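In: Provided below are the primary sequence and the corresponding predicted coordinates.
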Amino acid sequence: MNRFEEQTERQRRSSLRMSLVLLTLGGILLVGALAILGYSSGAPQSFWTRAAIGVAILLLILRQVGRRLGRRRSKAVKPDDQSTLHLD
């Protein structure tokens, strides 16, 4: 990979990380809003069950996205000096 490809890859990963952070903050705000709504209206047990399932699904999705972003590509393999032909 040359310098420009590496720079492009870093920019892409940083934008994906930023979107993941924003998605996480949005999820936290959504969970907080659901909790406030549930407490203020005296929500039944089914509301809390559905909310817990939704939060669990959101956390699983975020975990998978985080794993994909955390995975680094291996660098290009360089040939061994002894196995290359020196045609000088």
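Out: Looks like it arrived, so ask away.

In: neighbours around the residue nearest to residue 17 when sequence neighbours are not counted, how many?
Out: Nearest residue to residue 17 in three dimensions, chain neighbours excluded: residue 69, at 6.0 Å (Cβ to Cβ, 6 or more residues apart in numbering). Yep, even glycine has a C-beta here, placed from its N, CA and C like the rest. Per other Cβ atoms under 10 Å, the neighbour tally for residue 69 reads 14.

In: Pretty sure residue 69 sits against residue 15.
Out: No. Residue 69 lies out of contact with residue 15 (Cβ atoms under 8 Å); the separation is 10.6 Å.

In: What segments of the protein are helices?
Out: With helices called from DSSP state H, the chain shows them at 3-41, 45-70.

In: got the angle for the first one vs helix 45-70?
Out: An angle of 170 degrees separates the directions of helix 3-41 and helix 45-70 when computed by axes from the mean of the first three to the mean of the last three Cα atoms, to 10 degrees.

In: Helix 3-41 packs against which elements?
Out: Contact analysis of helix 3-41 by 3 or more Cβ pairs under 8 Å, 6 or more residues apart in numbering; DSSP states H and E lists helix 45-70 as its packing neighbours.
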